[in-house]
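Novice: Here is my input, please return the structure:
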Amino acid sequence: MNDFAGMEELLSDFLLEAGEMLSDVDSKLMELEKRPNDSNLLNEVFRGFHTIKGGAGFLNATELVTLCHLTENLFDKLRNRELTLSAELMDVIFAATAEVKKMFGALQQSQQPQGAPGHILENLKAALEGRSVMAEVNAPPVATAPSSDMFAPAQPASNVDWNALYTALTGTDIVATVGVTRDEVKIAEAISEEESTRKAFGRRTNDVPGATVGRRDGDVMVKEAKETTIRVDTERLDQVLNLSGEIGLTKNRLNHLRSDILQGRHDVDTLRELDQSVTQLDMLVVNLQNAVMKTRMQPIGRLFKKYPRLARDLARSLGKDVELVLTGEDTEMDKTMIEDLNDPLVHLVRNAVDHGVETIEGRIAAGKPELSQVELSARHEGDHILITIADDGRGMRPEVIRNKAIEKGLLTNEVANTLDENQCLELIFLPGFSTKDEISSVSGRGVGMDVVKTNIQKLNGSINIDSIPGKGSVFTISLPLTLAILPVLILRLGDQSFAVPLSMVREILSVTPGQLQKISGRATMVVRGEVLPVLPLAQLIGWDASDREPEVGVLMQFGSSSFILSADGFAGHDDVVIKSLDTFRPKGVAGVTMSSEGDIVLILDIKELLSDVRGN
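Specialist: This next block holds a predicted model:
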């Protein structure tokens with residue numbers, strides 16, 4: 001069903017521009033709650049609703065126009081000092097913006113949005129008339145875990161023997177784991193609705209030939225614009241264009257030298273020019289690769305600005321006073337990774353507000369200010385990006401977490417007694433772990449933190465916890481800047497090459513039969529006093545075992561567990577471009593690349609391979 005037949009391009013433009021505009025309005029509303037008399041913010045929010053209303057009018061989205069019109073009128077009275085902003089009125093405004101987002105969801109499905117709930121419209125009308133409002137403050141919807149076919153965390157072993165310890169070492173996460181003047185206002189108001197919308201969305205309905213509003217069966221739904229578009233600074237595109245031009249010139253020079261060599265010129269000058277041209281081409285290709293990667297980089301602030309509203313609504317529903325502070329919003333990372341970070345950060349911010357921060361009474365009793373702060377920050381560190389979510393709440397007590405895990409049957413007393421404090425804190429990442437005895441709309445189901453760790457590991461990242469009881473907790477996420485280019489270690493198994501992420505490699509060791517020891521029938525090796533399991537690469541990928549003894553071992557770090565991956569040899573390390581296997585992807589293979597010799601190299605998904613081992 002398509003209610004916008006013939007208007008698909010206009011609808012796509014509207015969703016892209018208006019979606020960003022509404023997100024910006026949400027951020028400004030959070031600032032406005034702190035500075036209710038800021039005329040600049042009031043005018044900017046007013047103009048945001050005004051422009052969205054105009055674009056909705058071109059699409060004949062009557063219900064969206066009605067809602068935006070009432071909200072626009074409310075801000076008109078606020079900026080003219082006819083109304084005073086209060087906490088109750090902010091609840092009404094936030095409810096209206098949430099409903100606008102829902103209407104955007106209908107538009108993304110190419111459907112006309114339904115009318116806003118009656119109580120939202122009634123509260124807006126009551127506020128405009130100066131009557132009291134009765135806005136309900138509801139807890140935000142529970143963020144559900146991804147479907148089981150995407151992530152299927154293995155349950156830890158229930159009995160304690162060497163196999164359980166071995167399983168833990170090879171990946172079972174038993175320890176596993178953000179003033180304008182009046183004249184300026186009049187000038188802004190004088191801009192017609194048509195002109196402001198034309199600037200925002202680029203065209204009107206009558207600019208689209210044959211544009212009509214109607215229903216037509218079988219029409220393809222309009223895809224969400226954010227999935228297929230990206231905004232790139234023109235300077236970065238100019239750099240790509242310049243490098244492409246220089247590569248073209250170098251290519252022409254190489255073609256000329258190739259002709260000379262084919263004609264028999266092998267003198268020193270010709271070979272020197274060939275060497276210089278190849279070196280120059282190599283430098284230009286590296287620069288072009290870096291420039292192209294920069295076009296994929298986006299400021300993480302576009303993601304961060306969603307969360308102050310989330311924290312604010314949740315805190316009000318829990319009777320807490322919480323401020324989410326954002327830092328490092330200009331830090332850039334790959335756009336695809338930014339999108340995949342949303343669910344983990346939602347869980348972490350919600351947990352900080354729900355679990356980490358005390359109630360107002362509890363903070364007063366502890367000698368803390370009533371207003372608690374949760375900080376969401378990002379920064380670059382080497383070739384990684386670090387994202388931290390820190391709160392000044394009650395902190396976590398390792399012994400309480402350990403006892404709770406035992407109580408829920410997630411591990412035994414024997415295993416629990418071997419864990420240090422940091423490993424006890426990481427028990428919160430176990431599937432099914434929760435410190436809440438009662439399930440609420442916010443927490444208690446034990447499906448949040450294990451999803452956080454699973455999603456982070458899917459991005460080749462890691463997450464660590466630091467917590468001081470009574471002072472607060474800090475969650476630190478470490479991620480590569482991009483997944484498009486991956487540093488790998490290339491291993492050899494017979495005549496076939498395999499690649500493993502270099503970020504998981506800690507050391508390369510020589511393996512001799514005398515170093516291997518059997519414990520409970522499994523091969524182990526002692527490295528600096530630590531007994532580590534040895535996993536043959538052939539066993540991981542399901543190849544028949546050969547009589548050839550492995551010659552090298554790679555000390556791998558997966559989460560908080562370590563193991564040795566043995567292979568016939570290794571062929572060095574490289575930065576490879578990953579080619580995904582969309583139509584056919586063997587289990588345990590993340591993608592493929594090509595070696596400098598022209599051979600196909602399979603890039604292994606270590607997490608998926610280890611899940612098979614611990615399932616056996």
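Novice: I'd like the next helix or strand past the helix or strand hosting residue 276.
Specialist: Assessed by DSSP states H and E, residue 276 sits inside helix 268-296. Sequence-wise, the next helix or strand downstream of helix 268-296 (DSSP H and E) is strand 297-299.
Novice: quick one: strands adjacent to that following strand?
Specialist: strand 332-334 (antiparallel) (DSSP bridges).
Novice: measure residue 338 to residue 25 for me?
Specialist: Residue 338 is 20 Å from residue 25, where distance means C-beta to C-beta, to the nearest Å. To be clear about C-beta, it is placed using only N, CA and C from the backbone, and glycine gets the same treatment.
Novice: Equivalent analysis for residue 541, please.
Specialist: 51 Å.
Novice: Just want to know which of those two has more residues nearby.
Specialist: residue 25 (24 against 18; other C-beta atoms under 10 Å).
Novice: Which element, helix or strand, includes the residue nearest to the more buried one when sequence neighbours are not counted?
Specialist: Excluding its sequence neighbours, the residue lying closest to residue 25 (C-beta to C-beta, 6 or more residues apart in numbering) is residue 48, at 4.2 Å. According to DSSP H and E, residue 48 maps onto helix 39-58.
Novice: if I pick the nearest residue to residue 75 once chain neighbours are set aside, what's in contact with it?
Specialist: Once flanking residues are discounted, residue 75 sits nearest to residue 46: 4.1 Å by C-beta to C-beta, 6+ apart. Applying C-beta atoms under 8 Å, 6 or more residues apart in numbering to residue 46 gives the contacts 72, 75-76, 79.
Novice: Distance check, residue 46 against residue 503.
Specialist: For residue 46 relative to residue 503 (C-beta to C-beta), the value is 48 Å.
Novice: is it true that residue 575 touches residue 489?
Specialist: No: here residue 575 does not reach residue 489: they are 11.4 Å apart, not a contact under C-beta atoms under 8 Å.
Novice: Give me the more crowded residue out of the two.
Specialist: More crowded of residue 575 and residue 489, by other C-beta under 10 Å: residue 489, with 22 against 12.
Novice: Run through the bridge partners of the more buried one.
Specialist: Bridge pairing for residue 489 - DSSP bridges - gives residue 500, residue 573.
Novice: Can you show me the helices along the stretch 251-400 of the chain?
Specialist: 268-296, 301-304, 307-318, 335-340, 342-351, 360-365, 398-407 (DSSP state H, counting those that start in this stretch).
Novice: Kindly report the same for the stretch 451-600 of the chain.
Specialist: 537-541.
Novice: measure the residue nearest to residue 578 when sequence neighbours are not counted to residue 280 for me?
Specialist: Once flanking residues are discounted, residue 578 sits nearest to residue 591: 4.2 Å by C-beta to C-beta, 6+ apart. Distance, residue 591 to residue 280, by C-beta to C-beta: 30 Å.
Novice: Same drill for the two, tell me which one is more crowded.
Specialist: residue 591 (20 against 16).
Novice: So that one sits against residue 576, correct?
Specialist: No: at 9.0 Å, residue 591 does not count as touching residue 576 under the criterion of C-beta under 8 Å.
Novice: what sits in contact with each of the two?
Specialist: Joint contacts of residue 591 and residue 576 (C-beta under 8 Å, 6+ apart) are residue 603.
Novice: residue with max distance from the center of this structure?
Specialist: No residue in the chain sits farther from the centre than residue 264, which is 56.6 Å out by C-alpha atoms, centre = their mean.
Novice: circling back to that earlier point, among the contacts of residue 46, which pair sits farthest apart?
Specialist: Put simply, by C-beta to C-beta the two of the contacts of residue 46 set farthest apart are 72 and 79, 10.7 Å from each other.
Novice: and stretch 322-338, which residues are buried?
Specialist: 322-324, 326, 328, 331-335, 337-338 (16 or more other C-beta atoms under 10 Å).
Novice: er, stretch 40-53 actually
Specialist: Applying 16+ other C-beta under 10 Å to stretch 40-53 flags 41-53 as buried.
Novice: How about stretch 106-116?
Specialist: Buried, per 16+ other C-beta under 10 Å, within stretch 106-116: 106-108, 110-113, 116.
Novice: any low-confidence regions in the stretch 151-300 of the chain?
Specialist: 151-228 (pLDDT under 70).
Novice: and with 80 instead?
Specialist: Applying pLDDT under 80 to the stretch 151-300 of the chain flags the ranges 151-231.
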